[in-house]
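Colleague: sequence and predicted structure, then a few things I'm wondering about:
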Amino acid sequence: MTFEEYVAARGAALVRFAALLTGDDHRAQDLAQEALAKAYLSWRRIRRTDRPDVYVRRLLVNADRSWWRRRSSREMPVDRTGDPVAVGDIGHDAGERDAMWRLILRLSERQRAVIVLRYYEDLDDSTIAEILDCSAVTVRTHAMRALAALREWAGQESGTESLPRSRA
C-alpha cells in the first residue's frame, strides 16, 4: 500500500482519533498532519510492519504529549457557564455528551488516551499497550483509575453514579 492510499483510507479516522484525544478539532488536524508527515518520511519501513495503524497512532499520541510539553501551548480551560440542560429538551443528549467530554478532558493524558483507544477506537488492551508503549497491566490500571475518576466526577455533578463498573 502506498502512503497516498493509506492516507486516503485512514486519514479521516486518524483525525477523528486525534480529535477525541485532544478535545480540539483544530489541534487534532494539526497533530494528524504532523504525525502523517513523520510517517511519510519512514513509510517504507512502516508499511513492512503488519499494522501501520499502531505506528501512526503512536505518533499521534506522542505528538499530543509533545504539544503539551511546549511552554507556548499552555492553555487554561475554563468551565462553561450557563443554564443547565432541561430533561426532555431536544439538545439534552448533546448536553450530556458535552458534559461527559468535559469530564474526560480533566483526565491525565495517559488515562484519556486509554479511554479513547478502548471505548472510541474499540482496541484491545494489548494493542493499546503497543500504541502507548507500556504493558497491558498498565493500560488496565489507567482505565480503572480513569473510570473511577469519571464515576466520582459524574456523581458529583448529577448526584448519581451512571458509568459502568467494568468492561467485562
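Modeller: All right, it came through fine.
Colleague: immediately after the helix or strand bottoming out on mean pLDDT in the chain, which helix or strand?
Modeller: None of the helices or strands of the chain scores lower by mean pLDDT, DSSP states H and E than helix 92-104, at a mean of 82. Next helix or strand after helix 92-104 toward the C-terminus (DSSP states H and E): helix 109-115.
Colleague: just checking, next helix/strand downstream of that following helix?
Modeller: helix 125-132.
Colleague: mind checking the pLDDT average for the helix or strand following that following helix?
Modeller: Per DSSP H and E, the first helix or strand lying C-terminal to helix 125-132 is helix 136-158. For helix 136-158, the mean pLDDT works out to 90.
Colleague: same question for stretch 31-42.
Modeller: 92.
Colleague: buried residues, that stretch. List them.
Modeller: Residues of stretch 31-42 classed as buried: 31-32, 34-36, 38-39 (neighbour count, 16 or more other Cβ atoms under 10 Å). The way it works is simple: take the backbone N, C-alpha and C, and place the C-beta from them, glycine included.
Colleague: can you list contacts of stretch 29-45?
Modeller: For stretch 29-45, contacts defined as Cβ atoms under 8 Å, 6 or more residues apart in numbering pick out 3, 6-7, 11, 14-15, 18, 21-22, 46, 52, 55-56, 59-60, 63-64, 67.
Colleague: what does stretch 125-133 give?
Modeller: For stretch 125-133, contacts defined as Cβ under 8 Å, 6+ apart pick out 54, 57-58, 61, 110, 113-114, 117-118, 123, 135-136, 138-140.
Colleague: run the chain-centre distance for that stretch.
Modeller: 13 Å (Cα atoms, centre = their mean, to the nearest Å).
Colleague: among the buried residues of stretch 31-42, which one lies nearest to Trp101?
Modeller: The closest of these to Trp101 turns out to be Leu31 (Cβ to Cβ; 17.3 Å).
Colleague: if I look at the closest one, how far off is Glu96?
Modeller: Distance of Leu31 to Glu96, computed by Cβ to Cβ, to the nearest Å: 27 Å.
Colleague: can you tell me which of the contacts of stretch 29-45 are in helices?
Modeller: Applying DSSP state H to those, the entries found in helices are 3, 6-7, 11, 14-15, 18, 21-22, 46, 52, 55-56, 59-60, 63-64, 67.
Colleague: thank you kindly, that will do.
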